[in-house]
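A.B. asks: okay, sequence plus prediction incoming.
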Amino acid sequence: TQFENVGPGADDSFDSYGLCLGVNGGFGPVVIGGEFTWGRNLGGANYVGAGNWGPTAYDSNADGFADTIEDTEGYAWWFHIGFKIGPATPYLIVGNNSTDNDGNAAVANDALEFDIDQWMYGISVPISVAKGFTIRPEFMYYDFDSDAKVGGVNGVDRGDQWFLGVQWMLVF
């Protein structure tokens with residue numbers, strides 16, 4: 001992928017790559033599953049699974065053009081465990097997303113630097129009502145990092161969110 005409006009002879013391209021591994025299994029009434037994703041510049045490859053993992057272009061010589069591209073590296077994972085109880089399977093869910101970009105590596109704590117560690121916790125209860133029809137109440141909590149480094153500033157509280165909802169799923 002290439003950036004436009006870069007200075008003459010400047011770095012104008014970056015590489016994206018990633019690896020994802022998922023598992024899912026059951027042992028009697030117990031169901032477990034999870035996924036791990038690792039990569040570089042995945043947002044630049046239109047990956048939207050775990051957040052903005054795109055590279056950062058910055059002006060290293062103050063001429064008004066982007067001259068250098070810094071890669072964003074990250075990993076994300078989630079794990080759930082459930083227990084079948086009749087037509088319902090309550091799941092406990094936990095996950096993490098960590099991304100890092102040094103911005104201008106020659107400058108400590110510059111405006112483009114970030115290091116973010118987000119967490120997710122939840123309860124999801126799919127209930128099979130009829131063949132092909134499931135109701136899924138969910139309660140999720142997302143901590144977007146209360147001690148992040150954003151723009152070179154340490155201790156940034158990026159907030160959190162609570163979600164409570166119900167999915168109506170028709171599968172045919």
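C.D. replies: Good, I have the coordinates.
A.B. asks: sheet-wise, list the partners of the helix or strand bottoming out on mean pLDDT in the chain with their directions.
C.D. replies: Across the helices and strands of the chain, mean pLDDT, DSSP states H and E gives its lowest value to strand 56-58, namely a mean of 72. Paired neighbours of strand 56-58 in the sheet (DSSP bridges): strand 68-70 (antiparallel).
A.B. asks: after the partner strand comes which helix or strand?
C.D. replies: strand 73-83 (DSSP states H and E).
A.B. asks: this structure: strands as residue ranges?
C.D. replies: Listed in chain order, the strands of the chain (DSSP state E) span 17-27, 30-40, 56-58, 68-70, 73-83, 91-101, 114-124, 127-130, 133-143, 148-150, 153-156, 160-170.
A.B. asks: and those, which one is worst for confidence?
C.D. replies: By mean pLDDT, the lowest-scoring of those turns out to be strand 56-58, with a mean of 72.
A.B. asks: for residue 26, what are its contacts?
C.D. replies: Applying CB atoms under 8 Å, 6 or more residues apart in numbering, we find residue 26 in contact with residue 32. Quick note: C-beta positions are derived from backbone N, CA and C, even for glycine.
A.B. asks: what's across from it in the sheet?
C.D. replies: The partner residues for residue 26, given DSSP bridges, come to residue 31.
A.B. asks: roughly how far does it sit from residue 164?
C.D. replies: 27 Å (CB to CB, to the nearest Å).
A.B. asks: mind checking how far residue 54 is from residue 68?
C.D. replies: Taking CB to CB, one finds residue 54 at 15 Å from residue 68.
A.B. asks: whoops, I mixed them up, residue 25
C.D. replies: For residue 25 relative to residue 68 (CB to CB), the value is 45 Å.
A.B. asks: the more surrounded of the two?
C.D. replies: residue 68 (18 against 9; other CB atoms under 10 Å).
A.B. asks: fine, thanks again, bye for now.
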